[in-house]
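In: sequence plus predicted model, see below.
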Amino acid sequence: MNVKDAIVKAMQEYRQITGLRSYLIQDVDDINSAAERNYFCKCLKTSARALKHCEECTMENYRSALSEKKVSMYSCHAGLVKWSMPIRYGDFHGVIISEGVITKQQVKDSEKWVLYLSERYNVRRDVLLDNYKVIKEMTEEEVNISIKLLKDLVDYYIAMSTHTVQG
């Protein structure tokens, strides 16, 4: 298994454990926000304007993660809490971007926030609201634990892929 395969395996295991998707970006050509599988984001991205904002947000956080060389949490243009994790191993360089989550306060304010997004991007409010309600809610502590889990899984699978098993 090569490094990229090990990272993909770690992301699959991470999703099994947390229910959160993530995706790997190795260079700017990999940024394809329209391919993200989160239903809320897919609905929002039926707007060309929202898709453009998403692409810009992803690009900014991809570049930031590579230059800062550390995990960073951020709020995307749609208000979801996401994180970017740079991966450097030998010649391999990339960034894992998480699926967005929301806080308890965002759940309380969902009607108002979805109305704002609906009007800003001209997307049906009822469809956005239905899909907003299924976004995973997490506390800051849970987000930090989740980030640590993803990092540990990536480290584990990379280590296992680069060591020869003696028998």
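Out: Great, that's in hand.

In: centroid residue for this protein?
Out: Centroid check for the chain by C-alpha atoms, centre = their mean gives Ser98 as the closest residue, at 1.8 Å.

In: looking at the sheet around that residue, what are its partners?
Out: Ser22 (DSSP bridges).

In: now do the contacts for it.
Out: By C-beta atoms under 8 Å, 6 or more residues apart in numbering, the contact set of Ser98 is Leu20, Arg21, Ser22, Lys82, Trp83, Ser84, Met85, Ser146, Ile147, Leu150. In short, each C-beta sits where N, CA and C put it, glycine included.

In: kindly recompute the last result at 7 Å.
Out: Residues near Ser98 by C-beta atoms under 7 Å, 6 or more residues apart in numbering: Leu20, Ser22, Lys82, Trp83.

In: ditto for Ser47
Out: Applying C-beta under 7 Å, 6+ apart, the residues near Ser47 are Tyr121, Asn122, Val123.

In: quick one: neighbours of the closest residue to it other than its chain neighbours, just the number.
Out: Among residues not flanking Ser47 along the chain, Tyr121 sits closest, at 3.8 Å (C-beta to C-beta, 6 or more residues apart in numbering). For Tyr121, the neighbour count with other C-beta atoms under 10 Å is 20.
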